[in-house]
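> here are the coordinates; sequence isn't available:
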């Protein structure tokens, strides 16, 4: 028994002292659609690929992207995973999911060293109408994470998989956390960050039905403001009305397209983004990815996007002062 306890303590200590990988490289890039033309940004990055392109999309109908993938597939390795509800005709090697869940990711890995992700589906609506974000991170460690996830999907291991190899990476001095649902428990990771809020939580969400995530905000002493897609705000399981009844400053978006972001901004220094909608299916069923970024400088970019939806007399004080 004594030896077992000693072994447990040794293992615990080893786990706690695992070195966080660090690397430096080109700056992280952030774009917002439709104003930044995310389709063009994605096209440029795909055309720069020299060895491989691995993409997992929920939906894809931008002809420019499809044509680039087909053209590049004649030169380098190109593989595509897409949700079976959005099947397309293409000459690119493709795997579709098995309909038991949504293959809801929106990411590409280029040359095993550049990750492109966010809420952006490369579709006509996603590019020209809906509000989305696209983030590009030239990190080999993150690329390893996303390649492992892609490999699982390519092998048709949907809705399951190994825990992420590098849950935390320091890139250019910025702490990045990376998780995949359902295997990494994304709802728990998001709730954990929300519970750390000291001053503010701002969110831009397509939908919110996860009661635990709503509870994390309701129990916070932070100032909370949120924008939610109007079509989902009034749905049966939406937490929108509950948050509003508790006095939180939450609003339906008023844009002509959809509020398709999946973004939380915490204390003006932490951003949560990716493909993950805070729903039960998003956490326990669908294939998703989450990025948690600890950087006041990058958080400012997302705050500016949030600010763009507010009336002029309600601009965030944090931006006015910065």
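Sure, I can see it. None of these values were measured; they are calculated from a predicted model.

> where does the stretch 51-200 of the chain have low pLDDT?
Residues of the stretch 51-200 of the chain that meet the criterion pLDDT under 70 are absent altogether.

> how far away is residue 251 from residue 233?
Distance of residue 251 to residue 233, computed by Cβ to Cβ, to the nearest Å: 9 Å. Glycine gets a C-beta too; all of them are placed from N, C-alpha and C.

> you'd agree residue 276 is up against residue 292?
No - using Cβ atoms under 8 Å as the test, residue 276 is too far from residue 292 to be in contact (10.8 Å).

> the more surrounded of those two?
residue 276 (25 against 22; other Cβ atoms under 10 Å).

> ok, back up a step: which of residue 251 and residue 233 has more neighbours?
Neighbour comparison, residue 251 and residue 233: the larger count goes to residue 233, with 23 against 16 (by other Cβ under 10 Å).

> I'd like to know how far the residue nearest to residue 262 when sequence neighbours are not counted sits from residue 198.
Closest residue in space to residue 262, ignoring its immediate chain neighbours: residue 119 at 5.1 Å, by Cβ to Cβ, 6 or more residues apart in numbering. Taking Cβ to Cβ as the criterion, residue 119 is separated from residue 198 by 26 Å.

> same thing with residue 109?
The spacing between residue 109 and residue 198, counted by Cβ to Cβ, is 35 Å.

> please identify which of the two sits among more neighbours.
When residue 109 and residue 198 are compared on other Cβ under 10 Å, the one with more neighbours turns out to be residue 109, at 25 against 11.

> dig out what the more buried one forms beta bridges with.
Under DSSP bridges, the beta-bridge partners of residue 109 are residue 54, residue 115.

> surely it meets residue 147?
Yes - if you go by Cβ under 8 Å, residue 109 and residue 147 touch, sitting 5.6 Å apart.

> what residues are shared contacts of the two?
Taking Cβ atoms under 8 Å, 6 or more residues apart in numbering as the criterion, residue 109 and residue 147 both touch residue 54.

> pull the number of nearby residues for the closest residue to residue 133 other than its chain neighbours.
Excluding its sequence neighbours, the residue lying closest to residue 133 (Cβ to Cβ, 6+ apart) is residue 118, at 4.5 Å. For residue 118, the number of neighbouring residues by other Cβ under 10 Å comes to 26.

> quick one, what contacts residue 118?
Taking Cβ under 8 Å, 6+ apart as the criterion, residue 118 is in contact with 106, 132, 133, 134, 135, 273, 274, 275.

> do that again at 6 Å, thanks
133, 134, 135, 273 (Cβ atoms under 6 Å, 6 or more residues apart in numbering).

> just residue 263 next, same as before
Each residue near residue 263 by Cβ under 6 Å, 6+ apart is listed here: 204, 273, 302.

> in helices only, show me the residues you listed.
residue 302 (DSSP state H).

> wait, which of the contacts of residue 263 is closest to residue 296?
Nearest to residue 296 among the contacts of residue 263 is residue 302, at 11.0 Å by Cβ to Cβ.

> the closest one against residue 271, yeah?
Yes - using Cβ atoms under 6 Å, residue 302 is in contact with residue 271, at 5.1 Å.

> quick check: neighbours shared by these two?
Overlap between the contact sets of residue 302 and residue 271, as judged by Cβ under 6 Å, 6+ apart, is given by residue 265.

> re earlier: now distance to residue 225 too, for the contacts of residue 118, in CSV please.
Putting the contacts of residue 118 into CSV (distance: Cβ to Cβ, whole Å) gives the following:
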residue, distance to residue 225
133, 18
134, 23
135, 22
273, 17
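
> Serialize these to TSV and add fields for neighbour count.
Listed next are those as TSV, based on neighbours: other Cβ atoms under 10 Å:
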residue	neighbour count
133	25
134	25
135	23
273	25
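
> these: which two are farthest apart?
By the measure Cβ to Cβ, these have their two most distant members at 134 and 273, which lie 9.6 Å apart.

> returning to what we had before: how close does the residue nearest to residue 133 get to residue 65?
Taking Cβ to Cβ as the criterion, residue 118 is separated from residue 65 by 15 Å.

> rewinding a little: just the contacts of residue 263 now: which is nearest residue 217?
Taking Cβ to Cβ as the measure, residue 204 is the one of the contacts of residue 263 closest to residue 217, at 13.8 Å.

> how about the closest one: what's its closest non-neighbour residue?
The spatial neighbour of residue 204 that comes closest, neighbours along the chain excluded (Cβ to Cβ, 6+ apart), is residue 261 at 3.8 Å.
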